[in-house]
Every structure is written in C-alpha cells, then in structure tokens.
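[1] any chance you can model this:
(2 chains)
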Number of protein chains: 2
Amino acid sequence: MSLRHAVLGLLDEHPMSGYDLLKRFEQAMSNVWAATQSQLYGELGKLETAGLIRVHAEGPRGRKEYELTDAGREELRHWLVEVEPNRVTRNESLLRVYFLGAVGPERAREYLANLGETGRRRSERLTELDAAIDWGDDDPSLYGRLVLEWGKRFSAMQQEWAEWAVKQVE
Amino acid sequence: MSLRHAVLGLLDEHPMSGYDLLKRFEQAMSNVWAATQSQLYGELGKLETAGLIRVHAEGPRGRKEYELTDAGREELRHWLVEVEPNRVTRNESLLRVYFLGAVGPERAREYLANLGETGRRRSERLTELDAAIDWGDDDPSLYGRLVLEWGKRFSAMQQEWAEWAVKQVE
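    Next up is the predicted model:
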C-alpha cells in the first residue's frame, strides 16, 4: 500500500505528471521504494478514482499533471504520523546466507562475494547520485538527503560485512 | 515465496516439528524472515501437499515431525544457487523519512529519534541473542552467525544514522 503514499508525498511538493513521478522514483527514491512504470501509472488511476488526486492541468499529447486533493493531503499526514510503520523484516538475500551450508564453501564464498560487490556498486552509484543532485536549502531536499545518506551507509555496511563474511568461510 | 524456502532450509538440517521450526523463526531467523505461527503451519500443509516434505515421525498428541523429500532437497538447492534473489528495495520506515517535510521539524525529529531507539533496542537484543546461542563448530552454525552479525551491524548503522539525522533537522 505504500506506493500510494509515496505518490501522495511527491505530489504534496508540487503538481507532477506521471513522467515526472517516474523520474523521482528512479532517482533519490530508488533507495527506499522500487516501482515500475506500470505500477506507478496503475496507482495514479486508483488514486484519481479514490478522489485523493485530480488532474491539475492537461498538456500537449494528453500529458496530465496531477495534484493532491484535500482528502489526499489528509491521507498523507495520517500515514506519516498515525499509522505504525510495517516493521516486518524480510531480506531474501540474507535468508539465503542462512542456508549456504547446503551448497558447500566454494559456492558460499562466491555468493557472499557477490553480495559485497552489489554493496560496492550501490555505494558508488549513490555517491555519484549525491554529487549530481542540487540539494538546495528547502525542507524536502533535507529529507531526501537523509534518505540518500542512509543508502550510502547501508551499502557500505553490506560491502564490509560481506568481505568479513567471505573470510569466515575460508 | 521465501517462507517456503526458509522451511525447507531448516528441515534440511534435521527433521523438526512445527513447534521446533517456530522456535527457530523466533530466534536467529527473526533477523531475516518474519513468520507467524499460522503462516508457518499453513506453509507446512502446502509443502506436504506439494510433496516437498513428509511426516518423518508422529509423537504423542499427534505432534508431527517433518523431513525433506528428495524433491524438497532439490527445490532448496535450486533456490539457493539458480534463482536470482529478489533485490527490490522496499523500506517503509525510510519512505516516511523522505516525506517528513510535510509534518514539521518537531514531529520529524521525534520520528527519527524513534528509529534510532528501535535500532538501539534491536542491537541490544541481537547482542544478547548472540551470547545466548551455543554456536558450536559445524557449518549451519557458521552461517547463522554470519546472519546475526549482519543484523548487529545493520542495527548499529540505523542507530548511528538516526542520531546524525536528528541533528540535521535541528
């Protein structure tokens, strides 16, 4: 259900088209909530039907810009402060680690080294993204920066842990 | 679908009852894959119907012990080495951080401090768990230890990040 709230949160900043939203999901948000184009456009349809967003302007070639309705703004604030976050832990990559004893040490090391490499690549990508974004001074940018910093620390942690883990198997 | 593989992986070590499995989910596995009692018992039924596990022994009061079938063992190994892990990133707690600008700095700091406190408590709980488990020298224990170490590093990272983040909002 949180794709819904991600879309509401982005539209709370200013009206955007589906294309603008997709760009945001591919950039700073890629860190916290993955969404494909079809998921995003599907959600926009549902939000409009539910009266949480409406078309603000229609541009050339039928490109629609959406804005929040009052009901949408209320739903966003409710989610932000009143609903308990879903804290269920599920990490499929790590679940596999738990059972690597079933495939022997060589394959296990390969798998762990791979996780470390994923961490390294992600860390690099986020550092580049950080450098490429003009953060400015306003509030929405502040929180985007906090989230990106989380991603950088998470990736670095994963890389360091995996390098340590490979050595434990050796 | 990974609850299925978690159950297969645990039964690959030795036959266990639903109760034994539940204990494992509550202990070292709590870190990587959450499962309730009803999810677990439901999955055992499905795995038995699918021929991936079978009843190994039936104890007093109808307590069943399950073991892997050859098909179950094959499915486990296939999942471990041949299927690409689902790397989709979804973190609802962090998604909220992204939009905290909508609720004002006081509430935002409160939310971030809360995340830090969750990290601290989790880190404490995992350290205690680590001390309480007799790791022994065999392979399955090695990988459980790697996973627990991941959880400790993750929680510490979350705590440090949140304490840093609160200061950014001040």
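[2] in the helix or strand of chain A with the lowest mean pLDDT, what counts as buried?
    Taking mean pLDDT, DSSP states H and E as the measure, the helix or strand of chain A with the lowest value is helix A:92-98, at a mean of 81. Across helix A:92-98, burial judged by 16 or more other C-beta atoms under 10 Å in any protein chain shown covers A:92-98. C-betas here are computed from N, CA, C, even on glycine.
[3] and the residues you listed near chain B, which?
    Restricting those to those near chain B by C-beta under 8 Å from any C-beta of the partner chain leaves A:92-98.
[4] mind giving me the domain split of chain A?
    As assigned by automatic domain parsing, chain A contains the domains A:2-81, A:92-169.
[5] surely residue A:133 touches residue A:27?
    Yes: taking C-beta atoms under 8 Å as the definition, residue A:133 is a contact partner of residue A:27 at 7.4 Å.
[6] helices along chain A, start to end?
    A:2-13, A:18-26, A:37-49, A:70-81, A:92-98, A:105-132, A:139-169 (DSSP state H).
[7] which one of these has the poorest average confidence?
    Here the lowest mean pLDDT among the helices of chain A goes to helix A:92-98, at a mean of 81.
[8] how distant is it from the center of its chain?
    Computed by C-alpha atoms, centre = their mean, to the nearest Å, the chain-centroid distance of helix A:92-98 equals 21 Å.
[9] which elements pack onto that helix?
    Applying 3 or more C-beta pairs under 8 Å, 6 or more residues apart in numbering or on different chains; DSSP states H and E, one finds that helix A:92-98 contacts helix A:105-132, helix B:2-13, helix B:139-169.
[10] do you know which of the ones you listed lies nearest residue B:32?
    Residue B:32 sits nearest to helix B:139-169 of all those, at 5.8 Å, using C-beta to C-beta.
[11] what angle separates the closest one from helix A:139-169?
    160 degrees (axes from the mean of the first three to the mean of the last three C-alpha atoms, to 10 degrees).
[12] what about the closest residue in space to residue A:100 that isn't next to it in sequence, neighbour count?
    If the residues on either side of it in the chain are set aside, residue A:100 comes closest to residue A:108, at 4.0 Å by C-beta to C-beta, 6 or more residues apart in numbering or on different chains. Other residues within reach of residue A:108 by the criterion other C-beta atoms under 10 Å in any protein chain shown amount to 26.
[13] so residue A:108 makes contact with residue A:170?
    No: with contact defined as C-beta under 8 Å, residue A:108 does not count as touching residue A:170 (10.2 Å).
[14] circling back: contacts only, for the residue nearest to residue A:100.
    By C-beta atoms under 8 Å, 6 or more residues apart in numbering or on different chains, the residues touching residue A:108 are A:100-101, A:169, B:143.
[15] let me have those residues in a markdown table, extended by neighbour count.
    Supplementary listing: the contacts of residue A:108 in a markdown table, determined by neighbours: other C-beta atoms under 10 Å in any protein chain shown:
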| residue | neighbour count |
| --- | --- |
| A:100 | 26 |
| A:101 | 21 |
| A:169 | 20 |
| B:143 | 23 |
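[16] so what's residue A:155 closest to, chain neighbours aside?
    residue A:123 (3.7 Å).
[17] count the residues that sit near that neighbour.
    19.
[18] what do you get for residue A:166?
    Around residue A:166 there are 19 residues (other C-beta under 10 Å).
[19] tell me who's in contact with it.
    Residue A:166 sits in contact with A:109, A:112-113, A:116, where contact means C-beta under 8 Å, 6+ apart.
[20] can I get stretch A:136-155 in PDB, CA atoms only?
    Output in PDB follows, covering the C-alpha atoms of stretch A:136-155 (Å, rounded to 0.1, in the frame of the first residue of the first chain):
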ATOM      1  CA  GLY A 136      19.300  23.400  -2.300                       C
ATOM      2  CA  ASP A 137      18.100  24.600   1.100                       C
ATOM      3  CA  ASP A 138      14.500  23.700   1.400                       C
ATOM      4  CA  ASP A 139      12.900  21.100   3.600                       C
ATOM      5  CA  PRO A 140      12.000  18.400   1.000                       C
ATOM      6  CA  SER A 141      15.700  18.400   0.000                       C
ATOM      7  CA  LEU A 142      16.800  17.900   3.500                       C
ATOM      8  CA  TYR A 143      14.800  14.700   3.900                       C
ATOM      9  CA  GLY A 144      15.900  13.400   0.500                       C
ATOM     10  CA  ARG A 145      19.500  13.900   1.700                       C
ATOM     11  CA  LEU A 146      18.900  12.000   4.900                       C
ATOM     12  CA  VAL A 147      17.500   9.100   2.900                       C
ATOM     13  CA  LEU A 148      20.300   9.100   0.500                       C
ATOM     14  CA  GLU A 149      22.800   9.100   3.400                       C
ATOM     15  CA  TRP A 150      21.000   6.000   4.800                       C
ATOM     16  CA  GLY A 151      21.500   4.300   1.500                       C
ATOM     17  CA  LYS A 152      25.200   5.100   1.400                       C
ATOM     18  CA  ARG A 153      25.700   3.800   4.900                       C
ATOM     19  CA  PHE A 154      23.700   0.700   4.300                       C
ATOM     20  CA  SER A 155      25.600  -0.200   1.100                       C
END
